[in-house]
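Trainee: Mind looking at a prediction? Sequence and model below.
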2 protein chains.
Amino acid sequence: MRSHYCGQLNETLVGHDVTLCGWVHRRRDHGGVIFLDMRDRDGIAQVVVDPDTAEAFANADRARNEYVLRIAGRVRPRPEGTQNPDMPTGMIEVLAHDVDVLNTAATPPFQLDEHGKVGEEVRLTHRYIDLRRPEMIDKLRMRSRISHSVRAFLEGQGFLDIETPILTRATPEGARDYLVPSRTHAGSFFALPQSPQLFKQLLMVSGFDRYYQIAKCFRDEDLRADRQPEFTQIDLEASFVEENDIMDVTESMIRALFKDVLEVELPDFPRMPYAEAMRRYGSDKPDLRIPLELVDVDDLMKDVDFKVFSGPANASDGRVAALKVRGGATLTRKEIDDYTRFVGIYGAKGLAWIKVNERDKGIEGLQSPIVKFMEGVVDALLDRLDAQDGDIIFFGADKTRVVNEAIGALRVKLGEDLDLYTQDWAPLWVVDFPMFEADDNGKLAALHHPFTAPSCSGEALKADPAQALSRAYDMVLNGTELGGGSIRIHDQAMQRAVFEVLGIGEAEAEEKFGFLLDALKYGAPPHGGLAFGLDRLVMLMTGARTIREVIAFPKTQSAACLMTDAPGDVSSEQLKELNIRLRHKAKTETTSE
Amino acid sequence: MRSHYCGQLNETLVGHDVTLCGWVHRRRDHGGVIFLDMRDRDGIAQVVVDPDTAEAFANADRARNEYVLRIAGRVRPRPEGTQNPDMPTGMIEVLAHDVDVLNTAATPPFQLDEHGKVGEEVRLTHRYIDLRRPEMIDKLRMRSRISHSVRAFLEGQGFLDIETPILTRATPEGARDYLVPSRTHAGSFFALPQSPQLFKQLLMVSGFDRYYQIAKCFRDEDLRADRQPEFTQIDLEASFVEENDIMDVTESMIRALFKDVLEVELPDFPRMPYAEAMRRYGSDKPDLRIPLELVDVDDLMKDVDFKVFSGPANASDGRVAALKVRGGATLTRKEIDDYTRFVGIYGAKGLAWIKVNERDKGIEGLQSPIVKFMEGVVDALLDRLDAQDGDIIFFGADKTRVVNEAIGALRVKLGEDLDLYTQDWAPLWVVDFPMFEADDNGKLAALHHPFTAPSCSGEALKADPAQALSRAYDMVLNGTELGGGSIRIHDQAMQRAVFEVLGIGEAEAEEKFGFLLDALKYGAPPHGGLAFGLDRLVMLMTGARTIREVIAFPKTQSAACLMTDAPGDVSSEQLKELNIRLRHKAKTETTSE
């Protein structure tokens, strides 16, 4: 029906007849002539309809915003003075000789230009209109290009695209499963997969050697942190590999992707042990664009006459860390108060600070509510931090976890507020993770998942699980975890050892993972892999602010689709067929029982 | 870890050192030397381990079938007389100098060579072993290539890969939805999509212009006909198109796919109206490889003295059709009896036949239980069918539906049994479908789905819905429907007219499809699309006998996964959180209430 997309028109087409199909983005009457900005997925082109072409003019005259038109006309240069060099098609216009109205449009609930004036709820309810915004089309087009680039790379590396089931068995991987009642097997349930983890391991046991899939995954959890109940992973696994093999191929993939789609050459990815990341950045996904680092000062603070510092400095699970901000002495009292409240979110009970006004004046040259308690160590402290006049030093002193979270977050916030970024893209690998982390009751849980191989023997693992490191690796970019993976356990005895440490008894292991343990018995190759969060990757690459901007039909934070009004009621006949009934009839917003 | 896949070895590598990783496919001791057939996803290579390399020999000696080994050695020609030209690697072998056992293997529940000796249940329970069979690896590898080829084609045509939700709203598209209880919205349910139909239409309303997705779809129905509860569609949609645009691009896609993956040049796709397909082949997915056709003989049979024929010949909903099989007079009485039973499956009450032994002898030259009733028309009949000596003619006489189904199926069965195929691949388009079909109570239902555009006006549709044709098209290959699609309704009034004919009231339409009707109001472009069944396409292209052979982890016919034992029990706490409870506690195989 069309000869060109609107956005394709340019000066090389002057004098040519073109046919455009699209939407009226804007309509203006000017000097007896109608100007239509015609929009399609590729851009906007200006169409002029003058009264000489009576039928075309009459159709253009009744067209309103968002009408669907087909326009035939001739491309001509815009008259001198009306050109718009900021617009790709801004040097030309189309003089229409035919205008067909293919469909009318009621006045939309919001004008595309004015989407900011309505709440996100209105836009999600009318998502099909919101998606007309050129920036939304661009983001989803970029997502399509990203998927395609990733696939092309992995196919080139011999990875096979293999689909794993969506209707599968519940796994106890931490977050909650979505359940699907079975009709054929009354009283039984499928679960939607949180990841294809076990299936991809079984594909390795089968000998597929290199697997990938862009896979839908599901997690029924609270959606506070900009998450979605269904999300997409770039999932891959390979056999007869070690850590470096997986890290090399996926690093190459991401580098190729950035070059292909964004024309960005990513720097080499440094590798940083988890312990170092926590020590220097308070985070296992440090944003290395920010040149601030946490510095340990426990040794200096052990004997100061300030319990807030000396307590954690002497405690085995405590930490005192300093964060120096070059030139930060200009921060106002109010700004410091705001940062104090900010670290409070992470459990910090306060935020001590020292402004270095004139260092060569000794303690007199410092401004700080706490410096009086630490006269004896202040020189050593300033030396260690290489503090100069004009700097500010913040302190965290608490349990190690609290200090890392609070000062780690403060570091990122300062980087953002003061625009301290030294580069656009800062990728890295974090490696040497602990196998397990203890919850508040000291119960161990797998830091990644229970199929991750430890870097020690099974005996060493059982002897001191808290010290055991895993063969896991996370790829981090600009403070976001892009993906994580590991070498997996391919030895049945090791798998049982890990289950034992996790307190999963033989019977439970058999019940939950019997098929995996069986598979390990029949000749499992060494294997490992990685999964990237595609939504988050696209978000980073498109500069989107929420994950909802890079998903065509997202759910709200309460896991609802405002457009289709899902989830919804179903008939009691349907429930009866599934052998279930509701506990409470009323539809409420929360499970308040 | 490896230098080559086993299947990559050939004579050009003689004298080279190689490292292989894989499974022991077979082990033989012969003349004090150990022969290992090493298997990986690319093939099998013969490895020789002799006692001179003591450690390697000891490891090879303890290796059993399905052990995982890493072998380093040198490629050499096989000795004269031991070559195997049927095997890609059959001219060479590897003399091992290192053999590492990477993992042991218990004796598997079945040997790969002997998979035929165990039932499918055993193989599905140990699917990770069944998938080791080279033919299974090849089928899934082919599936990966097919997906990749399709994607490459569609990307090249400007189609954008856009993901649509899996957790969505129940739609009344005929078959049953899988439901997912919502935790956040107690008492409400998501449904898993039977297809992305409405979402792709909304993407057109948004202006994405060309969409595709290789999408998981779900249908909770009885699985008799080699179906799976979850299946995969190649789904696409485009705007500003007519039937020919979609048919052209998808025909090109399938042609490119066959060329790319199978090196097959498909012939041009003829286009056949639905009515013609039913008349000539008794089927809307005729297998055109078979040169048999149904021939209408109603006019000849109206007055014969044989109620079985004259009844249907005179009834408005009856049909008498003949099927001539060249040379079929050699069929035995027993074979004809078997075919009579076969058509009985489709509701035919018998199977009349005439053998043409010596045509020029007139009625004496015919052998038939029924010819005596039709002496007066027999010449005209034989002329119409161009019957020759040695032919057999079968008859169907019943309600049109029964004749079409029974004789249509007989036609396919005869083609198969007598190997009448005239070509390997016979594609076609079936077009001009009726909009609606009546059920036994005369209630109309959409033949495709209620968003299909009719080829007549809304008034004509409402005036005589039974006569209305749709703008739908099905692609058929070798008697299998590969895909189906249509031009959709983009006009709200037309959509309401179709709902009206279907007996969907305004309130029900608003409740179920309000968002679609809304979307049509705000400027919907003309659009249409098509969806291919990927599983069935792969099945055809790989020559698989069941759909389960081209799915990595299929469900059984009772929708269970024998490997993971899904669906399974869940805890009452989980159900409580979802605000549901079981009606009956016991786990039974059927919903027998």
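Mentor: That came through, no problem. Please read these numbers as outputs of a predicted model, since none were measured by experiment.
Trainee: C-alpha from now on. contacts and neighbour counts both.
Mentor: Will do.
Trainee: mind checking how far stretch A:406-421 is from the chain centre?
Mentor: Offset of stretch A:406-421 from its chain centre (CA atoms, centre = their mean, to the nearest Å): 19 Å.
Trainee: quick one: the closest residue to A:Asp113 other than its chain neighbours from B:Phe240, how far?
Mentor: Closest residue to A:Asp113 apart from its sequence neighbours, by CA to CA, 6 or more residues apart in numbering or on different chains: A:Arg133 at 8.0 Å. Here the distance between A:Arg133 and B:Phe240 works out to 19 Å (CA to CA, to the nearest Å).
Trainee: domain assignment for chain A?
Mentor: A:6-103, A:290-422 (automatic domain parsing).
Trainee: Could you dump those into TSV with mean pLDDT, mean neighbour count and distance to B:Thr232 added?
Mentor: Shown next, in TSV, are the domains of chain A (pLDDT from 0 to 100; neighbours: other CA atoms under 10 Å in any protein chain shown; distance: least, CA to CA, whole Å):
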stretch	mean pLDDT	mean neighbour count	distance to B:Thr232
domain A:6-103	96	19	28
domain A:290-422	96	18	43
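Trainee: ok so, going back, any idea how many residues pack against the residue nearest to A:Asp113?
Mentor: A:Arg133: 18 surrounding residues under other CA atoms under 10 Å in any protein chain shown.
Trainee: A:Ala313 falls within a helix, correct?
Mentor: Yes - using DSSP: H, G, I helix; E, B strand; the rest coil, the secondary structure at A:Ala313 is a helix.
Trainee: which residues touch it?
Mentor: Applying CA atoms under 8 Å, 6 or more residues apart in numbering or on different chains, we find A:Ala313 in contact with A:298-299, A:301-302, A:319-320, A:397.
Trainee: ok, and the closest non-adjacent residue to it?
Mentor: A:Asp298 (4.5 Å).
Trainee: State the distance from the one you found to A:Ile392.
Mentor: For A:Asp298, the distance to A:Ile392 - CA to CA - is 19 Å.
Trainee: what do you get for A:Asp360?
Mentor: Here the distance between A:Asp360 and A:Ile392 works out to 15 Å (CA to CA).
Trainee: And for A:Pro270?
Mentor: On the measure of CA to CA, A:Pro270 and A:Ile392 end up 29 Å apart.
Trainee: can you check A:Pro526 too?
Mentor: Taking CA to CA, one finds A:Pro526 at 51 Å from A:Ile392.
Trainee: again, but for A:Asp417
Mentor: For A:Asp417 relative to A:Ile392 (CA to CA), the value is 15 Å.
Trainee: again with A:Glu335
Mentor: 12 Å.
Trainee: A:Pro554 too?
Mentor: Taking CA to CA, one finds A:Pro554 at 43 Å from A:Ile392.
Trainee: which residues in the stretch 101-250 of chain A form helices?
Mentor: Assigned helices in the stretch 101-250 of chain A, in chain order: A:120-125, A:127-130, A:134-156, A:197-206, A:243-257 (criterion: DSSP state H, counting those that start in this stretch).
Trainee: Of these, which is nearest B:Gly347?
Mentor: With respect to B:Gly347, and counting by CA to CA, the nearest of the helices of the stretch 101-250 of chain A is helix A:197-206 at 43.8 Å.
Trainee: Can you check what angle separates that closest one from helix B:134-156?
Mentor: Relative orientation of helix A:197-206 and helix B:134-156, computed by axes from the mean of the first three to the mean of the last three CA atoms, to 10 degrees: 120 degrees.
Trainee: Now do helix A:197-206: which elements does it pack against?
Mentor: strand A:210-218, strand A:230-239, helix A:506-521, helix B:127-130 (3 or more CA pairs under 8 Å, 6 or more residues apart in numbering or on different chains; DSSP states H and E).
Trainee: if we go to 7 Å?
Mentor: strand A:230-239, helix B:127-130 (3 or more CA pairs under 7 Å, 6 or more residues apart in numbering or on different chains; DSSP states H and E).
Trainee: So what are the sheet partners of the longest one and their directions?
Mentor: The one in question is strand A:230-239. When pairs are called by DSSP bridges, strand A:230-239 turns out to pair with strand A:210-218 (antiparallel), strand A:527-533 (antiparallel).
Trainee: Could I get those strands in CSV, plus columns for mean neighbour count, mean pLDDT and distance to A:Glu437?
Mentor: Shown next, in CSV, are the strands paired with strand A:230-239 (neighbours: other CA atoms under 10 Å in any protein chain shown; pLDDT from 0 to 100; distance: least, CA to CA, whole Å):
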stretch, mean neighbour count, mean pLDDT, distance to A:Glu437
strand A:210-218, 23, 97, 24
strand A:527-533, 25, 98, 20
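Trainee: Now render the ones you listed as CSV, adding distance to B:Ile370.
Mentor: Output for the strands paired with strand A:230-239, formatted as CSV (distance: least, CA to CA, whole Å):
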stretch, distance to B:Ile370
strand A:210-218, 61
strand A:527-533, 70
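Trainee: Compare those strands and give me the one nearest A:Val498.
Mentor: Per CA to CA, nearest to A:Val498 of those: strand A:527-533, 16.7 Å.
Trainee: Kindly calculate the angle that that closest one makes with helix A:243-257.
Mentor: Computed by the same axes, to 10 degrees, the angle separating strand A:527-533 from helix A:243-257 equals 30 degrees.
Trainee: Could you tell me the end-to-end distance of stretch A:427-444?
Mentor: Termini of stretch A:427-444 sit 30 Å apart (CA to CA).
Trainee: neighbouring contacts of that stretch?
Mentor: The contact list for stretch A:427-444 (CA atoms under 7 Å, 6 or more residues apart in numbering or on different chains) reads A:269-274, A:284, A:445-447, A:454, A:466-478, A:502.
Trainee: Just the buried ones from those, in ChimeraX syntax?
Mentor: Restricted to buried positions by 16 or more other CA atoms under 10 Å in any protein chain shown, the ChimeraX selection for the contacts of stretch A:427-444 reads:
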select /A:269,271,272,274,284,445,446,454,468,469,470,471,472,473,474,475,476,477,478,502
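Trainee: Keep only those of the contacts of stretch A:427-444 that are in strands.
Mentor: Among the contacts of stretch A:427-444, the residues falling in strands (DSSP state E) are A:271-273, A:445-446, A:472-477.
Trainee: hmm, which two among the residues you listed are most spread apart?
Mentor: Greatest spacing in the ones in strands among the contacts of stretch A:427-444, by CA to CA: A:Ala445 and A:Leu477 (25.9 Å).
Trainee: Identify the farthest-apart pair in the contacts of A:Ala313.
Mentor: Greatest spacing in those, by CA to CA: A:Asp299 and A:Ala397 (12.5 Å).
Trainee: Output the below-cut-off pLDDT ranges for the stretch 451-593 of chain A.
Mentor: Residue ranges of the stretch 451-593 of chain A with pLDDT under 70: A:585-593.
Trainee: Return the residues in contact with A:Thr542.
Mentor: Contact analysis of A:Thr542 by CA under 7 Å, 6+ apart lists A:Lys139.
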